[in-house]
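Undergrad: Fold the following and give me the result.
(4 chains)
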2 protein chains.
Amino acid sequence: MKNMEEIVAKLSNIMVQMEDAAKDQFNLSNLTHTQMNYLETIHMLGNPNITELANILKLSKPTVKVTIDKFIEKEFVYKVQSDEDRRSAHLHLTEKGKLINQMHDFAHKRIAESFKNKLNDHELQTMIDLLNKVLSK
Amino acid sequence: MKNMEEIVAKLSNIMVQMEDAAKDQFNLSNLTHTQMNYLETIHMLGNPNITELANILKLSKPTVKVTIDKFIEKEFVYKVQSDEDRRSAHLHLTEKGKLINQMHDFAHKRIAESFKNKLNDHELQTMIDLLNKVLSK
DNA sequence: AAATATAGTTAGAAAATACTAACTAAAAGA
DNA sequence: TCTTTTAGTTAGTATTTTCTAACTATATTT
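TA: The predicted structure follows:
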């Protein structure tokens, strides 16, 4: 089904565009691409420790440690010492660090709005049902 | 319509995941995040000159120049001198540079497949029609 | 209990990414 | 034609991002 791939490509482009626009809007905080990737990955993983984060990012632990130290200084991230394993600490996003998620939420809201603007109520409900079906495991 | 935003968020996550997986597959070429962003932007813009690329990336011209020089050395990009304006040169992706697009195509194909696997023929056609409607200007 | 493994850190260094200021050459405007 | 603007470059430098090797402290295995 050739057509579907083209549609997915367009959809992907629009979503990327919306995310980029949201990044511009929220980019008061002067974060580099790399830094945003760290925060996104921390959010995605829950509250990983440095070793887990390094594995997912495919970077060495000292590299990740250096970056996280800077985040802690800038109050984007804080550490919580683990009870089970006293060597380890979990990384948490501060409210400032969670700005990244708000940015994504904003982009998703805009995308959802463009769906709503282009479809009538019945079509929208059909779309929701079908997407739910696709996204269900 | 609260539900739609959640669905968009999930859809976005899945698309990002697929793109990341594709990046892993194709990442023989050892490109950094930043470097991929350059190649994607060159593709997106057509064949920009250095000034245009710098403006879009919001970086200084010398910064972009240095990076492009490395790409030229590694044969991901080549320059074509402009006929209209002899000061200027257009940036083109080599076959190697176009790997980035193949990577995206691969991700889109996988996403399209997951749509096809979850929906029957009739549902799929409905989805295509609705997405077309959403994506039309 | 001793040996090994794991989580995180420190130190030192290299490469990648970014900047400003000053330049050349071509184009555009007065 | 003279001046100004624009595209790209060069030089010098700062910051960010990354690495390996060696270390401490805690946890796990034998």
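Undergrad: Look up how far A:Lys98 lies from A:Asp105.
TA: Separation of A:Asp105 from A:Lys98 (Cβ to Cβ, to the nearest Å): 10 Å. To be clear about C-beta, it is placed using only N, CA and C from the backbone, and glycine gets the same treatment.
Undergrad: Could you give the average pLDDT over whichever strand or helix holds A:Val8?
TA: Using DSSP states H and E, A:Val8 sits within helix A:2-26. For helix A:2-26, the mean pLDDT works out to 86.
Undergrad: Three-state assignment for A:Lys79, please.
TA: Following DSSP: H, G, I helix; E, B strand; the rest coil, A:Lys79 is assigned to strand.
Undergrad: on that earlier part again, can the helix holding A:Val8 be said to contact chain B?
TA: Yes - using Cβ under 8 Å from any Cβ of the partner chain, a contact is recorded between helix A:2-26 and chain B, made by A:3-5, A:7-12, A:14-15, A:19.
Undergrad: Just the buried ones from those?
TA: A:4-5, A:7-12, A:15, A:19 (16 or more other Cβ atoms under 10 Å in any protein chain shown).
Undergrad: got these as TSV, with distance to DNA strand D columns?
TA: Formatted as TSV, those follow (distance: Cβ to the nearest atom of the strand, whole Å):
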residue	distance to DNA strand D
A:Met4	35
A:Glu5	31
A:Ile7	33
A:Val8	29
A:Ala9	28
A:Lys10	30
A:Leu11	29
A:Ser12	24
A:Met15	24
A:Glu19	18
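Undergrad: Which of those sits closest to B:Thr94?
TA: Nearest to B:Thr94 out of these is A:Ala9 (Cβ to Cβ; 21.9 Å).
Undergrad: And the buried ones among the residues of helix A:2-26 next to chain B, which is closest to DNA strand C?
TA: Closest to DNA strand C out of those is A:Glu19 (17.5 Å), distances taken as Cβ to the nearest atom of the strand.
Undergrad: Tell me who's in contact with that closest one.
TA: A:103-104, A:107, B:12 (Cβ atoms under 8 Å, 6 or more residues apart in numbering or on different chains).
Undergrad: Quickly list the domain ranges of chain A.
TA: A:1-30+A:98-137, A:32-96 (automatic domain parsing).
Undergrad: Can you add distance to B:Phe115 and give these back as a markdown table?
TA: Converted to a markdown table, these look like this (distance: least, Cβ to Cβ, whole Å):
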| stretch | distance to B:Phe115 |
| --- | --- |
| domain A:1-30+A:98-137 | 5 |
| domain A:32-96 | 23 |
